[in-house]
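Novice: Got a predicted model here, sequence first, then my questions.
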Amino acid sequence: MSLNQNILVKLKQAGFRINGKWLVKGVSLEIERGKIVTLIGPNGSGKSTTAKIALGIYKKIDGEVEKHTNKIGYVPQKISIDWTLPLRVNDFMVLTENLKEEAINEALTLTGVIHLKDKNLGDLSGGEFQRVLLARAISKKPELLVLDEPVQGVDFTGEIALYELIKKISDELNCGILLISHDLHTVMSATDHVVCLNGHVCCSGSPLDVAKNNEYKALFGEQASQILTRYKHSHDHIHTNEGEIKKN
Amino acid sequence: MLDDFFIRALLAGLGIAFVTGPLGCFVIWRRLSYFGDTLAHSALLGVTLAYTMEFNIAISVFIISSCIALILIQLQKRTNLPGDALLGLLAHSSLAVGLVVIGFLTFIRFDIMGLLFGDILAVTADDLLIIWIGGPLMLLILKLIWKPLFASTVNYELAEAEGLNPDRAKAIFTILMAGIIAISIKMVGLLLITGMLIIPAAMARNISSSPQSMVIYSVLGGLLSVILGLFTSLQFNTSSGPSIIAASLFLFILSLVKIKQSIKLKN
C-alpha cells in the first residue's frame, strides 16, 4: 500500500504482451488527485496499452497495478456504434451509471453538445461524437479520468476549449487525469507530469524536463523540443495577467 | 374451435415471445445469431437424452445447451480457429450426433418433423408451467444484468474500465440463451428458434430510435407473430414453428415499408 492518500493508480514495472510480443514494458507511474499525467509517444509505442493496464482492462499483466478508486470515467481511443443498436446521446450518457437529468444536461453543456441530446449517435460527426464521449466520462464526476486522445477530430478552436475544460475539471472535481495525446503544443499547458513512451518509458518528468531530454529529442526531433520550451515561456507570460488564464 | 391444446399452445407461445423479444435484441446487437443456431442445433442431443432417460425435455435441453456453450468458450481459448468455424463445428457435429443417437433408439418413435419445426400438439401443462415460471425468471435476471450487458454490448472496454464486470454478464446471458432455447424448442422447433429471436428484433430495429423502444417493439412483434402464426397453423394444419416465423417475416416486411416512408420524408 502506498502511504500517499492522494494516489489513485500506481503502476509498478507494468507490462503487457500478446503471444510473446511486448506491447509495452516496465512502465512505472502514479496518478494523483488533481494532477494530470500525459502519455506521449509515437504510434504503437504503447500509450493506449498503458492506459488499459491502469484501467484494469488487461488482466494478465507483468508487474503490478494498485488501484485506489472505482469511480472512473473513460474515453476510449476508438468506439464504433453498430447500426443495429439504436442509441441516442441521451441513452449513451447513462450507459454505465444512472444519472439525474441535471447531471446529463450539465455535462453536455460543458462540452458544448447539449443541442444534440436527442440525436442518434450514428448521425453525429467525429468531433461531435468526441464531445459526447467526453461529456459521458465527466458526467459521473469520476475520481479518475482516463482520456485516450479525447479531442481527435475536434476543430481547432474546440480543441483548445476542450483542453481548457479538461484542466478545469481536474481542478474542480479534484480528480486525477491520465491523458493520451499527440498534440504536444496544447497538452503541455495543463500537464503536471509527462511520460514519454516508446515500448518502454523513454523519459518522464515535468514538461520542461522531458523537452530537454535527449531521448525525447531523438524520438520527436529538435523541433518538438523547442515547442515545449517555447510553450513553457509563453505559459509564464500569461500567468502574470491578473491571475486570469488566457490563450494567445 | 379453440380446443384445449390450442389454448395451451397459445399460452406457451405468448410466454416465449415475452422472453425472445429482449433476448433477440441482444442477439442482433451482439451478432450472436449463429451462436443461437449452434445452441439450438445442440438441443437435439438434449431431446434424445430426455427421451432415453424419460426426463423433461426443456430441462435436459437446457443442460445440454449450457454444456455446448461451455465447450465453445473452452475451444475459443484453446484454438486459433475463427469463431464462426468453431460455431459451425459445434452446430453441425452436435446435430449429427443427435441424429445418429436417434437412429440407435429404434424402440422410441420420434417425430423428427416436430422436433425440427415445432408441434403445437406437443405442449403439455408441465411445459406451460416451465415456460411461465422460467420465462419471468429469465426476464428478471436479464433486468438485473441489463446495465453491464448493455454497456459491454456498446463497448466492452468501457464497461470493464468503469467497473461493470461485463464477463459475468456475458456468462449469465449465455445461460439465458440456453434457457430460451430449452423452453421454446417444442413450439418453434430447433431449426427455427433463432428466427424467433432475430426476426421480431430486426423488425423492431426498423421502427425504433432507442434501445428500450426496440425491446418493446420486439416483444410486441413476437406476440403478434405467435398469435398470427398459431391461428394460421390451426386453420391450415401447418407446423407451428414455420407459421410463427412466416408471420414474423410478414411483420418485418411491413416494417420495411415504414422505413421507406421515413426515408422519403427525410428527402
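Specialist: Done, it's in.

Novice: contacts, neighbours, all on C-alpha from now
Specialist: OK.

Novice: Now do the same contact list for the most centrally placed residue in chain A.
Specialist: Nearest to the mean C-alpha position of chain A, by C-alpha atoms, centre = their mean, lies A:Leu179 at 2.2 Å. Applying C-alpha atoms under 8 Å, 6 or more residues apart in numbering or on different chains, one finds that A:Leu179 lies in contact with A:Ile36, A:Val37, A:Thr38, A:Leu39, A:Val146, A:Leu147, A:Asp148, A:Glu149.

Novice: which ones among the residues you listed come in contact with chain B?
Specialist: For chain B, no contacts are drawn from these by C-alpha under 8 Å from any C-alpha of the partner chain.

Novice: Narrow those residues to those in strands?
Specialist: Within the contacts of A:Leu179, residues falling in strands by DSSP state E are A:Ile36, A:Val37, A:Thr38, A:Leu39, A:Val146, A:Leu147, A:Asp148.

Novice: Tabulate those residues (JSON lines), appending distance to A:Asn174, neighbour count and pLDDT.
Specialist: Shown next, in JSON lines, are the ones in strands among the contacts of A:Leu179 (distance: C-alpha to C-alpha, whole Å; neighbours: other C-alpha atoms under 10 Å in any protein chain shown; pLDDT from 0 to 100):
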{"residue": "A:Ile36", "distance to A:Asn174": "10", "neighbour count": "26", "pLDDT": "92"}
{"residue": "A:Val37", "distance to A:Asn174": "14", "neighbour count": "24", "pLDDT": "93"}
{"residue": "A:Thr38", "distance to A:Asn174": "16", "neighbour count": "28", "pLDDT": "92"}
{"residue": "A:Leu39", "distance to A:Asn174": "20", "neighbour count": "27", "pLDDT": "92"}
{"residue": "A:Val146", "distance to A:Asn174": "14", "neighbour count": "26", "pLDDT": "95"}
{"residue": "A:Leu147", "distance to A:Asn174": "16", "neighbour count": "24", "pLDDT": "94"}
{"residue": "A:Asp148", "distance to A:Asn174": "19", "neighbour count": "22", "pLDDT": "93"}
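
Novice: got the residues of chain B near chain A?
Specialist: Within chain B, the positions adjacent to chain A are B:28-29, B:147-148, B:150-151, B:154-155, B:157-164, B:205, B:208-211, B:214 by C-alpha under 8 Å from any C-alpha.

Novice: Return the subset of these lying in helices.
Specialist: B:28-29, B:147-148, B:150-151, B:154, B:157-161, B:205, B:211, B:214 (DSSP state H).

Novice: roughly how far apart are the residue nearest to B:Leu139 when sequence neighbours are not counted and A:Val89?
Specialist: In space, B:Leu139 comes closest to B:Val19 once its chain neighbours are excluded; the distance is 6.3 Å by C-alpha to C-alpha, 6 or more residues apart in numbering or on different chains. To A:Val89, B:Val19 is 27 Å away according to C-alpha to C-alpha, to the nearest Å.

Novice: Between these two, which has more neighbouring residues?
Specialist: Per other C-alpha atoms under 10 Å in any protein chain shown, whichever of B:Val19 and A:Val89 has more neighbours is B:Val19, with 28 against 25.

Novice: wait, is the more buried one part of a helix?
Specialist: Yes: counting by DSSP: H, G, I helix; E, B strand; the rest coil, B:Val19 is found in a helix.

Novice: quick one, what contacts it?
Specialist: Taking C-alpha under 8 Å, 6+ apart as the test, what B:Val19 contacts is B:Gly135, B:Pro136, B:Met138, B:Leu139, B:Ile180, B:Val219.

Novice: Now, the residues you listed that are in helices?
Specialist: B:Gly135, B:Pro136, B:Met138, B:Leu139, B:Ile180, B:Val219.

Novice: Isn't the third one up against B:Ile175?
Specialist: No: using C-alpha atoms under 8 Å, B:Met138 makes no contact with B:Ile175, being 9.5 Å away.

Novice: In terms of neighbours, single out the busier of the two.
Specialist: The residue with more neighbours, out of B:Met138 and B:Ile175, is B:Met138; 21 against 18, by other C-alpha under 10 Å.

Novice: on that earlier part again, among the contacts of B:Val19, name the buried ones.
Specialist: Applying 16 or more other C-alpha atoms under 10 Å in any protein chain shown to these, the neighbour count classes B:Gly135, B:Met138, B:Leu139, B:Ile180, B:Val219 as buried.

Novice: What's the separation between the closest residue to the last one other than its chain neighbours and B:Phe250?
Specialist: For B:Val219, the nearest residue in space outside its immediate sequence neighbours is B:Gly21; the separation is 4.1 Å by C-alpha to C-alpha, 6+ apart. Distance check for B:Gly21 against B:Phe250: by C-alpha to C-alpha, it reads 16 Å.

Novice: quick revisit: export the buried ones among the contacts of B:Val19 to CSV and append columns for distance to A:Gly46 and pLDDT.
Specialist: Formatted as CSV, the buried ones among the contacts of B:Val19 follow (distance: C-alpha to C-alpha, whole Å; pLDDT from 0 to 100):
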residue, distance to A:Gly46, pLDDT
B:Gly135, 46, 95
B:Met138, 42, 97
B:Leu139, 42, 97
B:Ile180, 43, 94
B:Val219, 45, 97
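
Novice: and the residue of chain A most remote from its centre, how far is that from B:Trp29?
Specialist: Distance from the centre of chain A peaks at A:Thr84, with 29.6 Å (C-alpha atoms, centre = their mean). Distance of A:Thr84 to B:Trp29, given as C-alpha to C-alpha: 6 Å.

Novice: So A:Lys78 belongs to a helix, correct?
Specialist: No: counting by three-state DSSP, A:Lys78 falls outside a helix, being coil.

Novice: Could you report the separation of it from A:Leu147?
Specialist: When A:Lys78 is compared with A:Leu147 (using C-alpha to C-alpha), they lie 11 Å apart.
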